[in-house]
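1. What would the 3D arrangement of this be:
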Amino acid sequence: MLTTILSAVALIAQRDSTTLVTRYRPAAERIIAAATADSAAWRRLAELVDRFGNRLSGSDNLERAIDWALDEMKRDGLQNVRGEPVMVPHWVRGQESVELMSPVRRRLPMLGLGGSIGTPAGGITAEVLVVSSFDELERRAGEAKGRIVLFDVPFTNYGQTVQYRRNGAVAAARAGAVASLIRSVTPNSMKTPHTGSMAYDSLVTRIPHAAITVEDAMMLHRMQDRGQRPVVKVEMGAQTLPDAPSRNTVAEIVGREKPNEVVLLSGHYDSWDVGTGAMDDGGGAVASWEAVRLLQKLGLRPRRTVRVVMWTNEENGLAGGNGYRDAHVNEIDHHVLAVESDAGVFAPRGFGFTGSDSALQIVRWVSALLEPVGADSISRGGGGADIGPIMARGVPGMGLEVDGTRYFWYHHSDADTIDKLDPADMAKCVAVLAVMAYVVADMEQPLPRGVAATR
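-> Below is the predicted model of the structure:
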């Protein structure tokens, strides 16, 4: 009996899948053909980064870039174009340097880590203690007092290695260090330091925290292993100013039947203050924008509203995502799906999805329409930092998954520039985002909510 029931369920699922794919294949083919016909998305991204450069929260660059995007969205003919106000952190780097004083003298490329305090006037000069882990620092804590601790930790994966960027200053200060350095969080380096956010603990003294290159971290480690006692001088003018006004950048195609139900496409518009933020995450923001523009251009107006949000302040605060949740608290139950692209617009592979088992099955059916561009993979578990606040309130979430082989080579560094992105790959990302958003927004029934898939 159970076998018979399971077979019947499988047949129904197969029928539903076939029906959905058949119904939406013509629209999906139109979207893919239009998105991949030219490099419009890449050209728009190039104009953004060439004109405004990097866009750290609180900066004039970011606010001018938002003004430009709002004007362009209106020219695109999108609806309800607006900037939704948010207050954001305002950290500024100031002048900074690291210099090796002994056993030889040379400048070391460096980047202060976001949120770090500055050094006293004249900087901090001290011997370096190089360690390879938090555990090693604990074992050698007696040697750390009055020294600058350097965490020379090779990249394994981002989640593990970034802990030294995030928590290194706390661990070093707890051991008595006067400043801390990390080996940049990257698997590949050409003397390029990588920045990113860090944190303090209110119960531990705050000390300056910065990143040096992979090459220089290894050099200092070799010196220590030879019995030498390297000395460095760290100077940082970093400071945190009062919060500054900013905006989430929003535009829509209003749904033809259910305008109050929303499918959200997004990427974050801010970046760190190095490079031009092309990969992280100008590409994801512009691809989401272009996906909505493309649907509008093709006259594909789904039942539900498709909304693009280009988030402010992902990099050092998540004020954009939290602000959106608070501003739309009464509408969250009407958000059918939230999608984020924040992994670089390299060759798309599909999506990671967080939601109910039944919703997962539906988006897997939709993904069959993405097979022509090689992006038909749907894995369990996905989303994004900016959509996290509304996902926590029950909104199903998806994160665009791409070929991330080179992502952390350029991440948070001066090398994050437009030349690292291929126009054809970005066009495919636009196609994938547009197809998924259109189909989910146009289906008769919204994606079912419920217990998230866990296996």
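2. I'd guessed A359 sits against G397; true?
-> No - with contact defined as C-beta atoms under 8 Å, A359 does not count as touching G397 (10.5 Å). (C-beta placed from N, C-alpha, C; glycine too.)
3. what do the two both touch?
-> Between them, A359 and G397 share these contacting residues under C-beta atoms under 8 Å, 6 or more residues apart in numbering: F353.
4. out of these two, which sits in the busier spot?
-> A direct count of neighbours by other C-beta atoms under 10 Å for A359 and G397 places G397 higher, at 25 against 22.
5. show me what contacts that one?
-> Neighbour list for G397: 337-340, 353-355, 382-384, 387-388, 390-391 [criterion: C-beta under 8 Å, 6+ apart].
6. Quick check on it: phi, psi?
-> Phi and psi for G397, reported as degrees, to the nearest 10, are phi -130, psi 150.
7. what's the residue nearest to it when sequence neighbours are not counted in contact with, if anything?
-> When the adjacent residues along the chain are set aside, G397 lies closest to G383, with 3.5 Å between them (C-beta to C-beta, 6 or more residues apart in numbering). Contact analysis of G383 by C-beta under 8 Å, 6+ apart lists A338, E340, G352, T354, M391, G397, M398, G399.
8. how much space is there between G383 and I390?
-> In this view, G383 and I390 are 10 Å apart by C-beta to C-beta, to the nearest Å.
9. same check, this time on D326
-> Remark: distance between D326 and I390 (C-beta to C-beta) = 10 Å.
10. Now do the buried residues in stretch 255-265.
-> Going by neighbour count (16 or more other C-beta atoms under 10 Å), the buried part of stretch 255-265 is G255, K258, P259, E261, V262, V263, L264, L265.
11. just checking, the last one touches A437?
-> Yes - using C-beta under 8 Å, L265 is in contact with A437, at 5.3 Å.
12. any common contacting residues for these two?
-> Common neighbours of L265 and A437, counting by C-beta under 8 Å, 6+ apart, are A291, V292, V306, V339.
13. Return the subset of those residues lying in helices.
-> Under the assignment DSSP state H, the shared contacts of L265 and A437 contribute A291, V292 to helices.
14. in the protein, which spans are helices?
-> Assigned by DSSP H, the chain shows helices spanning 2-35, 40-52, 60-75, 134-139, 141-144, 158-174, 214-225, 283-298, 319-327, 357-367, 388-391, 407-410, 423-442.
15. packing partners for the second one?
-> Applying 3 or more C-beta pairs under 8 Å, 6 or more residues apart in numbering; DSSP states H and E, we find helix 40-52 packed against helix 60-75, helix 283-298, helix 423-442.
16. the inter-axis angle of the longest one versus helix 40-52?
-> By that I understand helix 423-442. Angle of helix 423-442 versus helix 40-52, following axes from the mean of the first three to the mean of the last three C-alpha atoms, to 10 degrees, is 110 degrees.
17. Flag every buried residue along helix 423-442.
-> By neighbour count on 16+ other C-beta under 10 Å, the buried set for helix 423-442 is 423, 425-442.
18. The residue most central in space within the chain and G122, how far apart?
-> Taking C-alpha atoms, centre = their mean, the centroid of the chain lies closest to D342, which sits 3.8 Å from it. As for D342, its distance to G122 is 39 Å (criterion: C-beta to C-beta).
19. For burial, what's the neighbour tally of the spatially closest residue to E401 that is not a sequence neighbour?
-> Among residues not flanking E401 along the chain, R349 sits closest, at 4.7 Å (C-beta to C-beta, 6+ apart). Residues near R349, counting by other C-beta under 10 Å, number 21.
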